[in-house]
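**Student:** What would the 3D arrangement of this be:
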Amino acid sequence: MTTTDILSQRLVNQQIVATTLKKPEALVAWMGAMQAQEYAMAKWAIGLRLPGSNDISVEKAFNEGAILRTHILRPTWHFVTPADIRWIVTLTAPRVRASLRYMDRKLGLDAATINRGLAALEKILAGGKQLVRDEISTALGHAKIKAIGQYLGNLLMHAELAMLVCSGPRRGKNFTYTLLDERVPITPALGHDESLAKLANRYFSSRGPATLQDFCWWASLTIKEAQRAVSSLDNQLGRETISGQEFYFASNSPQTATKLTTSFLMPDYDEYGIAYKNRAILFDQSIRNEPVLAYNRMVIVNGLILGTWKRESAATTVQIEIAPFTPITRTQRQAIEQATERYATFLGVKPELRFREANNKEQ
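**Tutor:** As a prediction, this is how the structure comes out:
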């Protein structure tokens, strides 16, 4: 297996090359969870994997509760399905809570204060209420709980990790919170090892080939937990050692390289970049030392990061600026133009594209 093979398999397994999936919730279920810190970009992360979908259809799936947005896996928002939210939160919440302790202490959020806040929050949202943050803050204030700014943010995060609340439908551009048990049917609980195995299977099926360290980073697990998980999936996972690193992948993943012709505008925090601890493979050798993060808005051509992109949206257009790291070929430029058209189609607007040369001069 070569690095080209790895990227080829990841593009296939992440449903970027092609997919038989039709709905946002089916894609999110396949991926297990998808980082959704930047909501508009997270919708595009679904869209680039579902040909024929658009911003409106993904928004509709979210507002109807087919996909949810909550803090899961790591202390940041992810999309997850109603069927998966409880067992994944149960498995990963202890590690996420541990990452909140420093700020909790700084804010004065001890266990007793958190429990009092959650009890008040449950009463405030009972009866199917769907409230935005300002409304929750006001209601908590009436209950003698001063919840503003980061204090409110951490308290709501604890409420998500306690499986008390989850996302409700958006109200305009604002996000609402609602009680999880009133929005999502109760699902059977899974044992710890069963959950570990299930999450590992989702991860390596949808993101493999990847290392145990990649899986630990993505799922906030210890290396011992990751080892136990893959051991239980011994018959379902293949493995290969490359440059001293062991990569795991679903046994039915493609084993040979295909010609990589896939190009796209990668969203912020997309799983193609953020799902791996080691992201050097995503860069061409000539630019591998670039001081950039592989999960910002990146331009992907044939599986590799060639530059960055940014946008400015208007009513009927989206202006896209491409900043390559090195001079690009005519073929690469054409591929980027096609990728831009695809993104604009998802938004339902016309693209206006401009390039910068590698020395930052406009073209």
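
**Student:** what comes up buried for stretch 148-167?
**Tutor:** Buried residues in stretch 148-167, counted by 16 or more other C-beta atoms under 10 Å: 151-152, 154-167. Using the backbone N, CA and C atoms, a C-beta is placed for each residue, glycine as well.

**Student:** Among those residues, which are located in strands?
**Tutor:** Judged by DSSP state E, the buried residues of stretch 148-167 include 165, 166, 167 as members of strands.

**Student:** Now flag whichever of those residues is closest to residue 45.
**Tutor:** Residue 45 lies nearest to residue 167 out of these, by C-beta to C-beta, at 16.4 Å.

**Student:** if I read this right, that closest one contacts residue 64, doesn't it?
**Tutor:** No. Assessed by C-beta atoms under 8 Å, residue 167 is found out of contact with residue 64, at 11.5 Å.

**Student:** Where does pLDDT dip in the stretch 1-150 of the chain?
**Tutor:** By pLDDT under 70, the stretch 1-150 of the chain contains no weakly predicted segment.

**Student:** which residues in it form helices?
**Tutor:** Along the stretch 1-150 of the chain, counting by DSSP state H, counting those that start in this stretch, helices occupy 3-13, 24-31, 39-47, 55-63, 82-107, 111-125, 133-142, 149-161.

**Student:** and the fifth one, what does it pack onto?
**Tutor:** I take that to be helix 82-107. Judged by 3 or more C-beta pairs under 8 Å, 6 or more residues apart in numbering; DSSP states H and E, the packing partners of helix 82-107 are strand 68-71, helix 149-161, helix 180-183, helix 192-207.

**Student:** strand partners of the first one, parallel vs antiparallel please.
**Tutor:** Meaning strand 68-71. Applying DSSP bridges, strand 68-71 is found paired with strand 77-80 (antiparallel).

**Student:** mind exporting the strand it pairs with as CSV, just the C-alpha atoms?
**Tutor:** Coordinates of each C-alpha in strand 77-80 appear next as CSV, following Å, rounded to 0.1, in the frame of the first residue of the first chain:
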residue,chain,number,x,y,z
TRP,A,77,-20.1,20.3,17.9
HIS,A,78,-20.8,17.3,15.7
PHE,A,79,-23.7,16.2,13.5
VAL,A,80,-25.0,12.8,14.7
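
**Student:** got a list of contacts for it?
**Tutor:** 28, 32-37, 39, 42, 46, 62, 67-72, 88 (C-beta atoms under 8 Å, 6 or more residues apart in numbering).

**Student:** try stretch 198-210
**Tutor:** Defining contact as C-beta under 8 Å, 6+ apart, one finds that stretch 198-210 is touched by 1, 5-6, 9-10, 13-15, 30-32, 87-88, 91, 190, 214-215, 218-219, 226, 229-230, 232-233, 236-237, 240, 247-250, 253, 271, 275-276.

**Student:** one step back: dump the helices of the stretch 1-150 of the chain to a markdown table, plus distance to residue 171.
**Tutor:** Rendered in a markdown table, the data for the helices of the stretch 1-150 of the chain read as follows (distance: least, C-beta to C-beta, whole Å):
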| stretch | distance to residue 171 |
| --- | --- |
| helix 3-13 | 36 |
| helix 24-31 | 20 |
| helix 39-47 | 14 |
| helix 55-63 | 10 |
| helix 82-107 | 20 |
| helix 111-125 | 14 |
| helix 133-142 | 10 |
| helix 149-161 | 16 |
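
**Student:** Go through those and name the closest to residue 348.
**Tutor:** Ranking the helices of the stretch 1-150 of the chain by their distance to residue 348 (criterion: C-beta to C-beta) puts helix 55-63 first, at 6.7 Å.
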